[in-house]
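**Q** Any chance you could fold what I've pasted below:
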Amino acid sequence: MPSQRMGFEGLLEAVPDALVGVDESGVIRFVNRRAESLFGYAPGDLVGAPLETLVPESLRQIHVEHREGYCSARGVGPMGTDLKLSGRRADGSEFPVDIALSPIEAGSGRLVIAAVRDMTDREEADKERERRNRLSAVVESSGEAIISSTLEGIITSWNPAAERLYGYSSQESIGKPTGSLIPDGRTGELKAIMDNIRAGRTVESFETECVRKDGTLFPASLSLSPICATDGTVIGSSTIAHDVTEQRKAFGTAQLMEAVIEFSGEAIVTTTLDGIITSWNQAAGKLYGYSCDEIIGQSGRRLSPQDRRQEFGEALARIVAGDHVQILQTICVRKDGTNFPIVLTVSPIRDKDGAIVGASTISRDLTEQREAVDAARSMIEASLDSLVAISPEGRITDANEATVKATGVPRNKLIGTPFSNYFTDPVKADKIHQRVFTVGTAVNYPLTLRHRDGRLTEVLYNASVYRDAAGNVLGVFAAARDVTQQIRAQKEAAAQQARELERLAELERFQRLTVGRELRMIKLKKEIEYLRKFGPIRGGEPNDER
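**A** So this is what the prediction gives:
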């Protein structure tokens, strides 16, 4: 019997797996050294201990149920095929295991031998295999051209995106040198890149040119990383290649736009949606007095006086709400503290997906325009003629002081009232408004203007339409020349002329009478001359001197 026991113990020790013998009550009856080593126990410590000592606490109840179920079934095979099994070492650490169960009949009753195998390495291998599979799937489905090669530059993998980029299939490219993808004259670049890879360094966004299967060249950006073995030795390289043709075009366009903005005569400023200034061109510096270093990163509200700072924020809010462009006439403040009138054109900045990410503002100084308007207003006010602006609806929108004097109505009460109300013939007055909108002008249109105290003023109206910058008609501008004195003078001149004509007629009548008498005398003399031919006339001739 001792020899038989020695043979059994020798068999236990010869098995490469950890073996644990357990009776039907779950008590450990024997273990081999491999089991004691695997679980971290000293020889003899496990015999007599419950089997659940080797099971993590979280799984002990489930393990008991499965063990009892196995004993009832009295079968041979793996334990808990639907479970993820774990063992617990003496130090409390847990590790994945695979367990095969086999029952044997012993003199003291039925025993179950559990062959326990540490699955840590296999699980790690499975994880590594799964990771590699996922990585391979990512590479294959990636939109990026991904290529791997040996340190000698021989291509070892080639994904579909690389095929689309270069035109070679994987069968055509794998095993070929990477130099075939580089045009002549750039092989020195490839050598320098591979020197970095051999040294374990990555190369990011290297700008170069590549060549396709059809021979066409294209600008490319290459990012290369070393591929290392498990011991850290560099064994190859992984390359991600981008065709940057569109990026180059976009970059060129962006550079052009940047130059246009920088050297534009318009003050152009960009901000975030919170109003933080992100760019500032030269014209903005001249307009506001701040350099780029002083203003970028600051709030755009500092360009407004305290009482107007909410206006820019409100314009930004409308941009965020979807309004395309906001035009704001306001007051801004320069670095030196001076205020000046300005018009701001605020438009949205969108990213490639169309989302609004900021705002662009073009600033125009209205100082000269305002001065010109003030000068024009002074000229209008200095005019002796009545000047009015009339809306398309025929209502007064502005009037000068001469109009106030001619009507006796204050400007604030003139504005908004019908233009035709201030004439003796409103219908005739309304016709001038309609005529101007129809043909564009009216010249020397006679009207009689009525003062509110009843005085009348004879005027000649000249009018034309005025338009906005886009050519749209905004209204009519009319000028009334007071011709009362002129008409009075004309009437007096006409009366004087009538009197003179009457006197002339009278003189002409007198002349006709005088001429008639002279003609009769001439006729009488002719008759006397005729009679003398026949003899002297008694009594002599009329007016005969003696």
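
**Q** Leu59: what's it in contact with?
**A** For Leu59, the contacting residues are Ser86, by CB atoms under 8 Å, 6 or more residues apart in numbering. Glycine gets a C-beta too; all of them are placed from N, C-alpha and C.

**Q** show me the contacts for Gly265.
**A** Ala283.

**Q** And the helix or strand hosting Glu368, how far out from the chain middle?
**A** Following DSSP states H and E, one finds Glu368 within helix 367-382. Between the centre of helix 367-382 and the centre of its chain there are 38 Å (CA atoms, centre = their mean, to the nearest Å).

**Q** and the following helix or strand past it with helix 367-382, angle?
**A** Sequence-wise, the next helix or strand downstream of helix 367-382 (DSSP H and E) is strand 386-390. Using axes from the mean of the first three to the mean of the last three CA atoms, to 10 degrees, the inter-axis angle of strand 386-390 relative to helix 367-382 is 130 degrees.

**Q** Mind checking the pLDDT average for strand 386-390?
**A** What strand 386-390 shows for mean pLDDT is 88.

**Q** Buried residues, that strand. List them.
**A** Buried residues in strand 386-390, counted by 16 or more other CB atoms under 10 Å: 386-390.

**Q** quick check, nearest of those to Ile296?
**A** Closest approach to Ile296 among these (CB to CB): Ala389, at 44.2 Å.

**Q** Spit out the contact partners of the closest one.
**A** 396-399, 466, 475-478.

**Q** so can I have JSON lines of those showing pLDDT and distance to Ala489?
**A** Converted to JSON lines, the contacts of Ala389 look like this (pLDDT from 0 to 100; distance: CB to CB, whole Å):
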{"residue": "Ile396", "pLDDT": "91", "distance to Ala489": "30"}
{"residue": "Thr397", "pLDDT": "89", "distance to Ala489": "34"}
{"residue": "Asp398", "pLDDT": "89", "distance to Ala489": "32"}
{"residue": "Ala399", "pLDDT": "90", "distance to Ala489": "28"}
{"residue": "Tyr466", "pLDDT": "85", "distance to Ala489": "33"}
{"residue": "Gly475", "pLDDT": "87", "distance to Ala489": "34"}
{"residue": "Val476", "pLDDT": "89", "distance to Ala489": "30"}
{"residue": "Phe477", "pLDDT": "88", "distance to Ala489": "29"}
{"residue": "Ala478", "pLDDT": "88", "distance to Ala489": "25"}
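
**Q** Which among the residues you listed count as buried?
**A** 396-399, 475-478.

**Q** Show residues contacting the helix or strand Asn462 falls within.
**A** In this assignment (DSSP H and E), Asn462 forms part of strand 456-467. Identification of contacts with strand 456-467 by CB under 8 Å, 6+ apart yields 386, 389-390, 406, 424, 432-433, 436-437, 440-451, 473-484, 487.

**Q** Sitting in helices, which of those residues do you find?
**A** Among these, the ones falling in helices (DSSP state H) are 406, 432-433, 436-437, 484, 487.

**Q** Val343: helix or strand, and which one exactly?
**A** Applying DSSP H and E, one finds Val343 within strand 339-350.

**Q** What residues of that strand count as buried?
**A** 341-342, 344-346, 348-349.

**Q** Just the residues contacting it, thanks.
**A** Strand 339-350 is contacted from outside by 270, 305, 312, 315-316, 319, 324-334, 356-367, 369-370, using CB under 8 Å, 6+ apart.

**Q** Between strand 386-390 and the strand holding Asn462, find me the angle.
**A** Using the same axes, to 10 degrees, strand 456-467 lies at 40 degrees relative to strand 386-390.

**Q** What pairs with strand 456-467, parallel or antiparallel?
**A** Strand 456-467 has the following strand partners under DSSP bridges: strand 441-450 (antiparallel), strand 473-482 (antiparallel).

**Q** Tell me which of those lies nearest to Val244.
**A** strand 473-482 (51.3 Å).

**Q** List the contacts of the closest one.
**A** So strand 473-482 is contacted by 383-392, 397, 403, 406, 419, 432-433, 436-437, 442, 447, 449, 457-468 (CB under 8 Å, 6+ apart).

**Q** Which residues belonging to stretch 224-244 are considered buried?
**A** Neighbour counts over stretch 224-244 (16+ other CB under 10 Å) mark 224-227, 236-241, 243-244 as buried.
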